[in-house]
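Enquirer: What would the 3D arrangement of this be:
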Amino acid sequence: MKCAKCGCVNDRVVDSRESRDGDSIRRRRQCVDCGHRFTTHEMVLKEEIVVIKRDQGREDFDPAKIRSGIRQACWKRPISELQIDKIVQNTTRNMELYPEREVPSQYIGELVMRELRDVDHVAFVRFASVYRSFEDVGEFIEEIRNLTGVEKSS
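Expert: Numbers count the residues shown, from 1 in each chain. Presented below is the predicted three-dimensional model:
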């Protein structure tokens, strides 16, 4: 693993913990060069999943990217790492049910938003604003209205 602080690829595993349902392993690592500690999450993917990006480019599915986006949306919100882990696990499981091995990024975003909507509305709106690329405040307000069920006044 590459150290997030210095970029070195030499590290050692300090601690490993299996998730409650046994689907993933959380590892605490320490960089041999600079001593920085960081966490990695390892999951078994049943089959290789390729993500079809909006620009039609393709890349291998990386649960760490989902985790990163969710963490940004949950910044300074009362959401635990366990809840984030659960969202990533649920999203990955649902992706494995997708009938094709190539999954559109829009589908992945919708899965994450469905999970976040149930966990925290602020995190949901934050994620949706980036994922859906809101162009103006009106789109942002409309998403909040949809979330809260408030009708638009004329």
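
Enquirer: Run a quick neighbour tally on residue 49.
Expert: 19 (other CB atoms under 10 Å). To be clear about C-beta, it is placed using only N, CA and C from the backbone, and glycine gets the same treatment.

Enquirer: Okay, helices next: where are they in the protein?
Expert: 63-73, 81-96, 105-119, 121-131, 137-148 (DSSP state H).

Enquirer: Let me know the distance separating residue 115 from residue 5.
Expert: Distance from residue 115 to residue 5, counting by CB to CB, to the nearest Å: 30 Å.

Enquirer: between those two, which one's more packed in?
Expert: Between residue 115 and residue 5, residue 115 has the larger neighbour count (other CB under 10 Å), namely 23 against 13.

Enquirer: for that one, what are its contacts?
Expert: When contacts are counted by CB atoms under 8 Å, 6 or more residues apart in numbering, residue 115 is found next to 87, 90-91.

Enquirer: and which of those residues is nearest to residue 127?
Expert: Of all these, residue 127 sits closest to residue 87, with 10.1 Å by CB to CB.

Enquirer: Contact partners for that closest one?
Expert: Taking CB under 8 Å, 6+ apart, we find residue 87 in contact with 66, 70, 112, 115-116, 119.

Enquirer: what about it, distance to residue 104?
Expert: For residue 87 relative to residue 104 (CB to CB), the value is 19 Å.

Enquirer: next one: residue 138
Expert: Distance, residue 138 to residue 104, using CB to CB: 26 Å.

Enquirer: out of those two, which sits in the busier spot?
Expert: Under the criterion of other CB under 10 Å, the comparison of residue 138 against residue 104 puts residue 104 first, with 15 against 9.

Enquirer: Give me the helix or strand of this structure that scores worst on average pLDDT.
Expert: When each helix and strand of the chain is scored by mean pLDDT, DSSP states H and E, helix 137-148 comes last, with a mean of 81.
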